[in-house]
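A.B. asks: what's the 3D shape of this:
(chains A and B)
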Amino acid sequence: MKWYENAAEHADVVLSTRVRLARNLKDYPFPARLNEKGKDEVNAIVKEALLCGERAQEFDYVPMRSLSHTQCVSLAEKHLISPEFASDSAGRALILSKDEDVSIMLCEEDHVRVQVIYPGLSLEAAYEKANAIDEALSQKVSIAFDERLGYLTQCPTNLGTGLRASVMLHLPALARSGAMPRLANTVAKLGLILRGAYGEGSKPVGDLYQLSNQVTLGISETAAIRNLASIANQIITQEKSAREALLKDDVFIDRIWRAFGILNSAHMLSCNEFMDLVSLVRIGAAEGVLNIPLQTLTRLMVEMQPATLNTAQGRSCTAAERDVLRAKAVKEALR
Amino acid sequence: MLCQNCNQNEATTHIKRVVNGEAEEHHLCAACAKKLGYDHFLDDFSLSIPNIFSSFFHDTMPALSRAGVEHCDTCGSSFEDIVRSGMVGCADCYEKFFDRLLPSIQRIHGRARHAGKTPHYTVEPDAPKTDETAAEPAEKSVESQIDALQQEMQKAIESQNFEQAAVLRDKIKELKEESDK
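C.D. replies: The predicted model follows:
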């Protein structure tokens, strides 16, 4: 089972929770100042430290050079690695758990970036999991740390806890009410960032937004997580009440059914069209208009992305071929 | 207007960010915007923030040219390298260039003292109940805090950074008074 196939708390609004810890080995320069040989050494040390005992069975160690470009982009689409990490494979490796809930990037911007991704709103649990890996690492290797500045990172924006936590929110009702710019401004004042998760411009693809913490120095892990959870809960409440109003409108209910109709019958679906339609179907499923398990929709939102579709096919398809495959897979999933 | 990153091409991309409630603007050319990650379809944690970081340093540059070029003994980075790339070279760079990095770090984070866990430290100090970003620094003995501040103050005096030294002196005084209570 992959993480996105499980049911979760607040899944009606929250697709996923991610927590990331940035760590560096004390005795090696940061990646930008490290040659490939040095990076290989760092990777070997971390691999040795983390993949022992039971954990060796749970994780795969993947040198990025061993993957095709499409496979790398697919990992980025699934948010298991950063797009930047996917763009250059030299001296880089990935430690990935079998159910893809833990991914550890080696020699990205920092030597070690531990990331945990869970379905729904699950900040505490995700942090605990990431922290357990950090504890295991720090038992075996010396970590770059300073009492004043905390965990030392290549980029000073991550100093302190090195903790970046984020939740992926589906906010179709708030987006339609025009509340997003004001909301983004408000959370910015609280040291958080709210922005479109995919695409650019004022209306992000699929009404997906990412809320994450910005400040990492001078705030404890617990406080940062609690802060983010509290704001996420407030946004969830606002979205829910906006949905209530929206669902009184027959025109909107009609749009949900029409979106469901197209997903159920189209012969071709582009990625953008699919994301727009699935956004409507998801709000319908979350609010009891349609009877579809939310995790089915979350899985489609992950697996219907271009490179992930290609990877599943084991070959590079043309955009048109992909659109046909996408429409077919969506129909099967919604049947 | 010229691109603030390369200072060569015409700026065509206008980026507005809000950090700690303060708005800042950047004007970049298409090539630099691309280089700094503003053209990605996929978005993630690592995007843009670190790269834009180099702009935080710009006011510290004049001091640098007066002081001549110093290099980190461990990785060979100069402060200029750090400013140019927005990336610190190694853990020792933070020690070496601490005074010059500190103002920028404070601008990013507001506070410049770590309040989270430390390595090998399995039980976390329970943060006070608050819905603001403010959390009190982790428990540490007042003596060691005063010690650290005095060292910082000494450094500040040595580098003729009297303004910072005065701030540190006041902090030390405050801590001493508190511990005498």
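
A.B. asks: My guess is A:R299 contacts A:E5. True?
C.D. replies: Yes. The criterion here is C-beta atoms under 8 Å, and A:R299 meets it with A:E5 at 5.9 Å. For the C-beta atoms, the positions are set from N, CA and C on the backbone; glycine is no exception.

A.B. asks: Stretch B:111-121 near chain A at all?
C.D. replies: Yes. For a cut-off given as C-beta under 8 Å from any C-beta of the partner chain, stretch B:111-121 has contacts with chain A, namely B:111-120.

A.B. asks: So which of the residues you listed are in strands?
C.D. replies: For those, not one is inside strands, with DSSP state E as the criterion.

A.B. asks: Got a ChimeraX select line for the buried ones in those?
C.D. replies: Selection of buried members from the residues of stretch B:111-121 next to chain A for ChimeraX, criterion 16 or more other C-beta atoms under 10 Å in any protein chain shown:
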select /B:111,112,113,114,115,116,117,118,119
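
A.B. asks: would CSV of the residues of stretch B:111-121 next to chain A with pLDDT be doable?
C.D. replies: Supplementary listing: the residues of stretch B:111-121 next to chain A in CSV, determined by pLDDT from 0 to 100:
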residue, pLDDT
B:R111, 75
B:A112, 80
B:R113, 91
B:H114, 93
B:A115, 92
B:G116, 92
B:K117, 92
B:T118, 91
B:P119, 89
B:H120, 71
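
A.B. asks: quick one, what contacts B:T74?
C.D. replies: A:29, B:89-93 (C-beta atoms under 8 Å, 6 or more residues apart in numbering or on different chains).

A.B. asks: nope, A:Y151 is what I was after
C.D. replies: A:21-24, A:143-145, A:158-162, B:114, B:116.

A.B. asks: Show me what it bridges to in the sheet.
C.D. replies: A:Y151 has the following beta-bridge partners by DSSP bridges: A:F145, A:G160.

A.B. asks: Check the gap between it and A:Q210 for me.
C.D. replies: Applying C-beta to C-beta, to the nearest Å, the value for A:Y151 to A:Q210 is 23 Å.

A.B. asks: And for A:G160?
C.D. replies: Shown here: A:G160 relative to A:Q210, a distance of 21 Å by C-beta to C-beta.

A.B. asks: What is the neighbour count of whichever residue of the stretch 151-300 of chain A sits closest to chain B?
C.D. replies: Among the residues of the stretch 151-300 of chain A, A:G218 lies closest to chain B, at 2.8 Å counting by C-beta to the nearest C-beta. Burial of A:G218 is recorded as 25 neighbouring residues (other C-beta atoms under 10 Å in any protein chain shown).

A.B. asks: and the nearest residue to it once chain neighbours are set aside, what is it in contact with?
C.D. replies: Setting aside the residues directly before and after it, A:G218 is nearest to B:R111 in space (C-beta to C-beta, 6 or more residues apart in numbering or on different chains), at 2.8 Å. When contacts are counted by C-beta under 8 Å, 6+ apart, B:R111 touches A:217-219.

A.B. asks: do A:D12 as well
C.D. replies: For A:D12, the contacting residues are A:240, A:286-287, A:294, taking C-beta under 8 Å, 6+ apart as the criterion.
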